[in-house]
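Chemist: Take this sequence and fold it.
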Amino acid sequence: MSFKLKTLIDNNPQTNEYRIDALSDLPLEPLEYCQRWVEMSSDERGYRKACIAALAEATGLSERTIGNWGQNFERRPNYVVHILRMADMLNQIRKIVLPPDYPQK
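Modeler: Sure thing, here's the model as predicted:
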């Protein structure tokens, strides 16, 4: 999050905008999403495959489609960064709210 936006949200008590609303407007790149939600080091064998699987789950797109975005996902469609931000926020909520033994399905 840019320092200017964070300062604006945190220091302006008159605003009706919640921090989560401001976050939802910020894009989240595929590599950033993977850094947050793929539980492997980026230099481990199989990281890219795990990253592609996580991106496919978050976006609903096929792993093949995501694999065609390039080595660093530089050819991803513009809308994907917004879907990934929403998926990131949902993951954060799940992590905070749901107990660890909550059924996955």
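Chemist: Just give the closest residue to Tyr33, not the sequence neighbours.
Modeler: In this structure, Tyr33 finds its nearest non-sequential neighbour in Leu84, 4.6 Å apart by Cβ to Cβ, 6 or more residues apart in numbering. Glycine gets a C-beta too; all of them are placed from N, C-alpha and C.
Chemist: That neighbour reaches Leu61, doesn't it?
Modeler: No - at 11.1 Å, Leu84 does not count as touching Leu61 under the criterion of Cβ atoms under 8 Å.
Chemist: okay, these two: which has more neighbours?
Modeler: Leu84 (24 against 17; other Cβ atoms under 10 Å).
Chemist: Now do that one against Asp101, distance only.
Modeler: 27 Å (Cβ to Cβ, to the nearest Å).
Chemist: distance between the top helix by length along the chain and the chain's centre?
Modeler: Counting residues, the longest helix found in the chain (DSSP state H) is helix 80-97. Its chain's average C-alpha position is 6 Å from that of helix 80-97, according to Cα atoms, centre = their mean, to the nearest Å.
Chemist: Regarding stretch 67-87, how distant is the last residue from the first?
Modeler: 19 Å (Cα to Cα, to the nearest Å).
Chemist: Other residues contacting that stretch?
Modeler: When contacts are defined by Cβ atoms under 8 Å, 6 or more residues apart in numbering, stretch 67-87 is touched by residues 23-24, 26-33, 52, 55, 58-59, 61, 66.
Chemist: try 7 Å
Modeler: 24, 26-31, 33, 52, 58-59 (Cβ atoms under 7 Å, 6 or more residues apart in numbering).
Chemist: same question, stretch 26-42
Modeler: The contact list for stretch 26-42 (Cβ under 7 Å, 6+ apart) reads 1, 46-47, 50-51, 54-55, 58, 72-73, 76, 80-82, 84-85, 88, 91.
Chemist: in it, what counts as buried?
Modeler: For stretch 26-42, the neighbour count (16 or more other Cβ atoms under 10 Å) marks 28-30, 33-34, 37-38 as buried.
Chemist: same check, this time on stretch 57-75
Modeler: Buried, per 16+ other Cβ under 10 Å, within stretch 57-75: 58-59, 61, 66, 69, 73.
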